[in-house]
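Enquirer: Build me a model:
(2 chains)
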Amino acid sequence: MTKQTERRSSMGGGHGPGRGGHRIEKAKDVRGTLRRLIMYLRPFTGTLLLVFVLVVIGTLLVILVPYLLGVAIDDYIANRDLPGLLRITLFMLGAYLGQWFIQTAQNYLMAAVSQRALRDLRRDLFEHLQTLSLSFFDQHPHGELLSRLTNDVDAVNLAVSENLTQMLSSLFTLGGIVVMMFAVNSWLALGTLTILPMMVGLVGIIGKRTRSGYRKLQQEMGRLNGIMEETFGGERVVLAYGQQQAALDKFTASNTAVRDYGIKAQVYPLLIGPLMGIMSNANIAVVAGLGGWLALQGLASVGNIATFISYSRKFAGPLRQLGNLYNQIQAALAGAERVFEIIDREPKLNDLPHAIPLADIEGAVRFEQVNFSYAPGNPVIQEMSLSAAPGQTIALVGPTGAGKTTIINLLTRFYDIESGAITIDGVDIRQVQKASLRGQLGIVLQDTFLFSTSVMENIRYGRLDATDEEVIAAARLANADHFIRHLPQGYETELSERGSNFSLGQRQLLSIARAVLADPRILILDEATSSVDTRTEAHIQEALLKLMAGRTSFVIAHRLSTIREADKVLVIDKGRIIERGTHAELLAQRGFYYNLYVSQFKGLGEKEVETVDSRQ
Amino acid sequence: MNKLKRLLKFVNPYRKEAIWALLLLIAVIAVDLSLPRLIQRLIDKGVTASNMHVILTTSLLMIGLATLSALMMIGNTLLAARVSQNFAADLRSALFQQVQTFSFGNLDQLRTGKLMVRLTSDVNTIQMMILLALRIMTRAPLLMLGSSVLLVVTSPRLALIVAIFLPIISVFLYFFIRRAQPLFLRVQSKLDKLNQVLLENLAGARVVKAFVRTPHENARFAVANEELTAENVKVRRLMAVLPPTMFLILNVRTVAVLWFGGQQAIMGDLTVGQIMAFTNYLMMTMFPLLLLGMLAARLPQANASAQRIIEVLDSTPEVQERSTARVLQATGRVAFEQVSFRYNLSGEEQVLTDINLVAEPGETVAILGATGSGKSTLINLIPRFYEVEAGRVTLDGVDIRELTLASLRGQIGVALQETILFSTTIRENIRYGRPQASEAEVVAAAQAAQADAFIQALPEGYDTQLEQRGTNLSGGQKQRIAIARALLIQPPVLILDDSTSAVDVETEAQIQAALTALRQDKTAFIIAQRISTVLTADKIVVLENGKIAAEGTHAELLQSSPIYQEIYNSQLGEGPGSGLAA
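Expert: Numbering: from 1, shown residues only, chains lettered A, B, ... in the order given. Got it, this is the predicted structure:
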């Protein structure tokens, strides 16, 4: 357990680009990783047992045939026994057919097993990602995370899918051949086997290098992915500023590193082939030499030697394969480690073990002396207390960076407060299940995010079981219906990535419609209409007023026209509430809020401000 | 196959290494071919003749040659890895550069997830293919050729029997490849889809969590995951048949040799040693054939990937520089002359119709209009992010299509509607458009954008690292950094696309004041929602359904334009339903 905690800390925390990925990590718990990988094969025990049986039979056939070859030459050809030769060739033919059937069946069965095991691994990784806090996503390059789910799972894929049966069959073949060799001629067998320890040692040495090589490669690959994702995602800015060369330079640095690590990582496992080649050829020479000598001594027949040379070749194949497999498993482990690194991260904002679902709420919200900071020593919210009665509308006003959005992030429990308490209907929100809390909040965020599906599906995201009519009604309420109907495919229009084929104002309308559809008890609007023109906004305002009636609402806006209707205006500056009251009260105070208000109409001339003011 | 061939030109720079790798392979084969000869000699002249001397020397010779062959093989491996990895790096680079030539129109269509699969998974597939090819390409045919010669020398009649199997294998492989390729294409496109779901979940984590849609997203992922798995299983089940069938064909060949060779031996036409040598050579031809089978197995996959890569390489940037394009040092007069535009030439409605608009050097043009009225589209045409459909946009009287993109865009500072910042320091973000800018210039730009104060207040100031897309800053802070970034390049033309929407009013007023001071010599286009932002503009343009509905100063429009009056009133609180109305 302690090991895992350390691993976690080496992965996470901290800010900055790619902090998660490319720290050089020391050797990990290899066996643990392997065991966990094997756990993914568990659900397929039945199939695996069948494959196991097939491998045993198949291997026996593989061993049998060279033996038959020896028999054919020694007993039938040498003795000029044609019917015997016919029998044995037919027998061999049968054995080969059996081999074909068994191998095909093995591969066929394993294809499904390996792909499904990988599917489960991907599923676990994804579902775990969903439990992680927002700060995790903020701090890790998305491309890097993507790389873990694709490139790293792929590395596992190679080892598991193509080689599991080969490994089994290689092991059996080896065992079988050894037995047969001893049965045929134990002197020759001993001579042949002297080469074995050397081979094992060599494979072990190379394997270690393979793993560390692949670990570096996968890390750099993750970094490259991070760079690509950020560049492609921000391509519009790259183009606008003509920074293609700079983007390319950054990419090239990582691309070159991937190439260099790639060469190193790939060369080691490939060395196994030729090195095993030397040994097995040397082995044949040994067999031939030793066999010749034994034959002279009368301890072996020429047929024996033929069989043994054949065995030596057969022997080299599985050994080489085992060496390759061992190395591929090392590469897979490097990938698996990176996948498990994510799966092992504890969600920061876990529900308490005894957390209860939040019952249907009235919507009374209280902050009691809440303190919070994103980074230690840099408090964002200080000693904040506020209350909202059910049905009230609270406007949060203040300069950018004052902490308004943070208040929302705390209420939705995207982040946990440091001290104090936030309660809804008197229940501390840390005591309830996050899902049940958020399910009763309707949030329109500052950054609109839409999915690349149809307009209809995007709005429906607010309530998945809503009918088309309900979706359209919500769109109408958000004043989005009109523009949607003017789209070539109306509600079925597909959004491109992040909705880039819509204007920001249109996207805001869609995300308001989405929140409207959710029909929440508490409504949170964070700059929901900042990019909507003011006339449209006036219409939405009307709709929102209807929507907010009877619901507790928190509204962040810079346009005072949005704020005037609030039951209570809280003026936030530097993480504290510095003024509170209604719009009229605050204007009368002639304090911070008054100045803010006046500045909006500064350019309009004193007279106009006066008129504005005198309308009180 | 043609697709793959096209990509092979990326191997060209490493031709020398590739050729060396192949030459080494030939040497390896020459050595490998001599081994069965030696074995035959060992048995026939050594064992059978009871000649210990021959046995010893031949054995030693075999070990020596085996070592030599392995050393050469290692050399080949090193070279092959280098060639293939360099190939992959160059191919990735070519793809990346291709994306850098795209216009906004291309970007609207090619999703990040898709692009990334092409740069990783697809490139890797082809890299593996090339690596494999370099390690067996000459080996397989040469080993085949060599052993075939030896087979013929050893026994022409047996060799004939062996030859029959070659066409059988070829036909089998041919049909196999044809069936597998479309399956691999499907796998890769499912991988695209899976990636897209994942990327959306990473970027949209806030929305997913806010709406408690984790189960929904898990289900969506499960579908993509299941589809990918199904395609993968399908293709791998097909692949499952390949190696055993190759084995079967080759094994049947051995049996045939044994049967016919055995008959000949019984009749005394062949020696036992000859049959053994023959079967040994057969084993040797088996190996290259199996390798060819492996190569064949990868071919459809590599070809499918090649097709996807070429798709990106061949996509033509919608906006292209003319060969005659020139550089211009502009004073900043921007004119739209009867400009019309639509995003998708096929079918979609016109977004801008017949726009005529002139901004003299130093003038500020403010653009107002309803959501979706075409404001952003209009200003996106100035840096030529999109191409006009009709009419022209000019800079200092020169059609912008006559200018190089670098020269055009280098003179336009844009703060886009959607703020995109990179996960590096604040300083680097501001310096993005002009990396060589001095510290003083960076600070000056930040001051003008009213960003300096809050940046200084951060514990690490300008060295503060931004998180993914700048999530550790508030919306207004991000916008101000984007404005500072645009100001830093000191462009003759400045475009602010609703870039103060999340900034509070007071700060915005300060930005306005700073900009007014800066704007003296700059032509500025400002899209805004708030009247207060546009009051001081030299010219206010009201867009309505892609057409200019009104144009003039604040005072003029307040008199003449009903739409403008309506906008004005909506902000002064005479909007509907506001009894409180300030």
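Enquirer: can you pull out the helices in the stretch 301-450 of chain A?
Expert: A:302-343, A:404-411, A:434-438 (DSSP state H, counting those that start in this stretch).
Enquirer: Residue B:394 is nearest to which of those?
Expert: When these are compared by C-beta to C-beta, helix A:404-411 sits nearest residue B:394, at 42.1 Å. From N, CA and C alone the C-beta is placed, and that goes for glycine too.
Enquirer: Does anything pack onto the closest one? Which helices or strands?
Expert: Where contact means 3 or more C-beta pairs under 8 Å, 6 or more residues apart in numbering or on different chains; DSSP states H and E, helix A:404-411 is packed against strand A:365-373, strand A:379-388, strand A:393-397, strand A:522-526, strand A:552-556.
Enquirer: Show me what counts as buried in the first one.
Expert: Read it as strand A:365-373. A:365, A:366, A:367, A:368, A:370, A:372, A:373 (16 or more other C-beta atoms under 10 Å in any protein chain shown).
Enquirer: which one of the residues you listed sits closest to chain B?
Expert: Distances from chain B to the buried residues of strand A:365-373, taken as C-beta to the nearest C-beta, are shortest for residue A:373 (10.7 Å).
Enquirer: Just the CA atoms of stretch A:128-148, as CSV, please.
Expert: Extracted in CSV, the C-alpha atoms of stretch A:128-148 (Å, rounded to 0.1, in the frame of the first residue of the first chain):
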residue,chain,number,x,y,z
HIS,A,128,-11.9,5.6,-12.8
LEU,A,129,-11.0,8.8,-14.6
GLN,A,130,-14.7,9.8,-14.1
THR,A,131,-14.2,9.7,-10.3
LEU,A,132,-11.2,11.9,-10.3
SER,A,133,-11.6,15.6,-9.3
LEU,A,134,-11.5,18.5,-11.6
SER,A,135,-8.1,19.6,-10.4
PHE,A,136,-6.7,16.4,-11.8
PHE,A,137,-8.0,17.2,-15.3
ASP,A,138,-6.8,20.8,-14.9
GLN,A,139,-3.3,19.7,-14.1
HIS,A,140,-2.7,16.8,-16.5
PRO,A,141,-2.3,17.4,-20.2
HIS,A,142,-5.3,15.8,-21.8
GLY,A,143,-3.2,14.3,-24.6
GLU,A,144,-1.0,12.6,-22.0
LEU,A,145,-4.1,11.0,-20.4
LEU,A,146,-5.3,10.0,-23.8
SER,A,147,-2.0,8.4,-24.5
ARG,A,148,-2.4,6.1,-21.5
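Enquirer: That stretch: how far from the chain's middle?
Expert: 7 Å (C-alpha atoms, centre = their mean, to the nearest Å).
Enquirer: repeat for stretch B:236-251
Expert: Its chain's C-alpha centre and that of stretch B:236-251 lie 35 Å apart, by C-alpha atoms, centre = their mean.
Enquirer: that older thread, could the helices and strands packed on helix A:404-411 be laid out in CSV, adding mean pLDDT?
Expert: Output for the helices and strands packed on helix A:404-411, formatted as CSV (pLDDT from 0 to 100):
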stretch, mean pLDDT
strand A:365-373, 92
strand A:379-388, 90
strand A:393-397, 90
strand A:522-526, 87
strand A:552-556, 90
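Enquirer: could you dump these to CSV with distance to residue B:95?
Expert: What follows is those, written out as CSV (distance: least, C-beta to C-beta, whole Å):
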stretch, distance to residue B:95
strand A:365-373, 42
strand A:379-388, 41
strand A:393-397, 46
strand A:522-526, 38
strand A:552-556, 42
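Enquirer: quick check, stretch A:247-257 touching chain B?
Expert: Yes - for stretch A:247-257, a contact with chain B is found by C-beta under 8 Å from any C-beta of the partner chain, at A:247, A:248, A:251, A:252, A:255, A:256.
Enquirer: top of the residues you listed by neighbour count?
Expert: When neighbours are counted by other C-beta atoms under 10 Å in any protein chain shown, residue A:247 leads those with 25 neighbours.
Enquirer: same for the helix or strand hosting it, what does it pack against?
Expert: Secondary structure assignment for residue A:247, by DSSP states H and E: helix A:244-296. Counting contacts by 3+ C-beta pairs under 8 Å, 6+ apart, helix A:244-296 is packed against helix A:186-193, helix A:196-233, helix A:302-343, helix B:15-41, helix B:52-100, helix B:123-136.
Enquirer: in the second one, what's buried?
Expert: What it means is helix A:196-233. Here helix A:196-233 shows A:199, A:202-203, A:206-207, A:209-233 as buried, counting by 16+ other C-beta under 10 Å.
Enquirer: tell me, which of the residues you listed make contact with chain B?
Expert: Answer for these near chain B (C-beta under 8 Å from any C-beta): A:221, A:224, A:225, A:228, A:229, A:230, A:231, A:232, A:233.
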